[in-house]
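Peer 1: need coordinates for the below:
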Amino acid sequence: MFVDVSYKHPKALFLRTLIEYKKGKLSKEDVIDIVSETISFMIKFLTVSSRDSKDAITMFSGIMAEIYSNNKVVKDSVVNALAAEYLKQGITTKKLKDDINSLDAYEQNRKITIALLSLYDSTSINNNKAVVSYDQAYTLLASFTDSFSLDHLLVQTPKADSTQYKYFKDEDKDVLVLKDGHDFPDHIVIDGMDYDTFMQNILNRIGNLRIYYRDKNSRRQNTAISLKEYPHFNSYGDIQKRSDDLANKLFDICLPQPEVDLTHIQKVNRKKMDLSLPKMDKLIEFNMVKPGDRLYITLSSVDREDSLATLLDAKYVLYKNEKMTLNRWGCKVTGWKSIRIYAWAAKEGEIETLQEKRMAYVQEHNEAVR
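Peer 2: Residues are numbered from 1 along each chain as shown. Predicted coordinates:
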């Protein structure tokens, strides 16, 4: 899934983890846990929950900074960092189940949909026990292009005289026509709405999609593959029912949240992370900023021009002809009693904050050296 969807952010972590495994510093079980929890995080954080990529970069930079500082990979620290980000962003199992059913799974998130459906179709409940056939899931994913396709259960354009479906497309006007007896919710589906919008909001939901054989020959060649049939799937209620089953299996069985007590994890362990990031003297040494540069506060409620101060050295700025510490300057401008100055200060002419410069340095350093 990681390779197929092409997530980039965890590559430095995976490289360092594999190096330590090769050196005998990590067990195979720890490597598997780190990789599987991290890939699960990328799917849930970036794709299902649509969180900002910058937040993922920041989190992984913090993980790598800690590894660099301690000179080792600790599985529990990595998993706890992932759990802390879930907590910080409000990503719960319930939220994930809601979010996955609002995705355009056919057009915009096709690759991850194929991966998730591969897992779903390979998960069964036997005697109240969940069983995942990873061999089948891998086969579905690896041979998808050659043998399988992504199929709509409620079809994209049923015939106007079809008795099975309660909708069709007015080809002249490109709008939806609803028939008597349909069960689409009227707050999201109305007669005469743009048909592409109907497809995106209803037909392209993951609950309405399945992996199926591309042709009869591919079906005969995959006798070991078991794909469920849906002979009477013809209503919005069917989509909802399958969506719930799919969400439950994916997020309760295949991709559960980390097994840690989230209530005891700090939302963000900023102090620990900041200790590992370069301070102002290093930013000057690395020529990211230099004495004489003018800095401003990026807070939207602050007048940028009025906040401008000249950097004197690693500790002081000159603000309105008064020499003061960086933190005092930040507090004076914002009116706050305390401030994380790196997070809110930037160099004139740039939008990247000093904190983002620090994170970028650690990310680049770890990817290049580690």
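Peer 1: mind listing what Val31 touches?
Peer 2: 17-18, 21 (C-beta atoms under 8 Å, 6 or more residues apart in numbering). Bear in mind the C-beta positions are built from the backbone N, C-alpha and C, glycine included.
Peer 1: which of the helices or strands spans it?
Peer 2: helix 28-42 (DSSP states H and E).
Peer 1: how far off centre is that helix?
Peer 2: 15 Å (C-alpha atoms, centre = their mean, to the nearest Å).
Peer 1: which one of the contacts of Val31 has the most neighbours?
Peer 2: The most crowded member of these, judged by other C-beta atoms under 10 Å, is Thr17 (22 neighbours).
Peer 1: that one against Lys25, yeah?
Peer 2: No - contact criterion C-beta atoms under 8 Å: Thr17 and Lys25 do not qualify, at 9.7 Å.
Peer 1: how near is Ile43 to Ser300?
Peer 2: To Ser300, Ile43 is 32 Å away according to C-beta to C-beta, to the nearest Å.
Peer 1: burial measure for Glu348, as a count.
Peer 2: Neighbours around Glu348, by other C-beta under 10 Å: 13.
Peer 1: give the contact list for Leu26.
Peer 2: Leu26 neighbours (C-beta under 8 Å, 6+ apart): 17, 20, 73, 75.
Peer 1: hmm, 10 Å instead?
Peer 2: 16-20, 33-34, 72-75 (C-beta atoms under 10 Å, 6 or more residues apart in numbering).
Peer 1: what's the answer for Glu305, then?
Peer 2: 296, 348.
Peer 1: ditto for Pro278
Peer 2: Neighbours of Pro278 in contact, by C-beta under 10 Å, 6+ apart: 65, 284-286, 288, 342, 354, 357-359, 361-362, 365.
Peer 1: the same query, at a cut-off of 6 Å, please.
Peer 2: Going by C-beta atoms under 6 Å, 6 or more residues apart in numbering, Pro278 touches 358, 361.
Peer 1: and it, how close does it get to Met359?
Peer 2: Distance from Pro278 to Met359, by C-beta to C-beta: 10 Å.
Peer 1: over to Leu308?
Peer 2: Distance from Leu308 to Met359, by C-beta to C-beta: 24 Å.
Peer 1: Lys357: neighbouring residues, count only.
Peer 2: 20.
Peer 1: all further residue positions should be reported with the first residue as 141.
Peer 2: Noted, 141 is the first residue going forward, which turns the last one into Lys497.
Peer 1: element containing it?
Peer 2: helix 494-509.
Peer 1: same deal with Tyr161?
Peer 2: Judged by DSSP H and E, Tyr161 forms part of helix 151-162.
Peer 1: by contact count, what packs against that helix?
Peer 2: helix 168-182 (3 or more C-beta pairs under 6 Å, 6 or more residues apart in numbering; DSSP states H and E).
Peer 1: flag every buried residue along the helix it packs on.
Peer 2: Across helix 168-182, burial judged by 16 or more other C-beta atoms under 10 Å covers 170-171, 173-175, 177-182.
Peer 1: so for that helix, what's the average pLDDT?
Peer 2: Averaging pLDDT along helix 168-182 gives 95.
Peer 1: on that earlier part again, need the contacts of Leu166 in JSON lines (columns: distance to Leu222).
Peer 2: Below are the contacts of Leu166 laid out as JSON lines (distance: C-beta to C-beta, whole Å):
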{"residue": "Arg156", "distance to Leu222": "16"}
{"residue": "Thr157", "distance to Leu222": "14"}
{"residue": "Leu158", "distance to Leu222": "18"}
{"residue": "Ile159", "distance to Leu222": "20"}
{"residue": "Glu160", "distance to Leu222": "18"}
{"residue": "Asp173", "distance to Leu222": "11"}
{"residue": "Ile174", "distance to Leu222": "9"}
{"residue": "Lys212", "distance to Leu222": "18"}
{"residue": "Val213", "distance to Leu222": "14"}
{"residue": "Val214", "distance to Leu222": "13"}
{"residue": "Lys215", "distance to Leu222": "11"}
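Peer 1: need the nearest residue in space to Val315, chain neighbours excluded.
Peer 2: Using C-beta to C-beta, 6 or more residues apart in numbering and skipping residues adjacent in sequence, the residue nearest Val315 is Gly332, 5.1 Å away.
Peer 1: what's the first helix or strand after the lowest-mean-pLDDT helix or strand in the chain?
Peer 2: Of all helical and strand segments in the chain, the minimum by mean pLDDT, DSSP states H and E falls on helix 410-415, at a mean of 50. Per DSSP H and E, the first helix or strand lying C-terminal to helix 410-415 is helix 420-425.
Peer 1: just checking: what are the partner strands of whichever helix or strand comes after that next one?
Peer 2: Using DSSP H and E, the helix or strand that follows helix 420-425 in sequence is strand 434-437. Here strand 434-437 is paired, per DSSP bridges, with strand 449-451 (antiparallel), strand 485-487 (antiparallel).
Peer 1: just want to know which of Leu448 and Met499 has more residues nearby.
Peer 2: Met499 (25 against 16).
Peer 1: helices of the stretch 241-390 of the chain, start to end?
Peer 2: 250-260, 274-282, 284-287, 335-338, 356-361, 376-389 (DSSP state H, counting those that start in this stretch).
Peer 1: nothing else from me, thank you.
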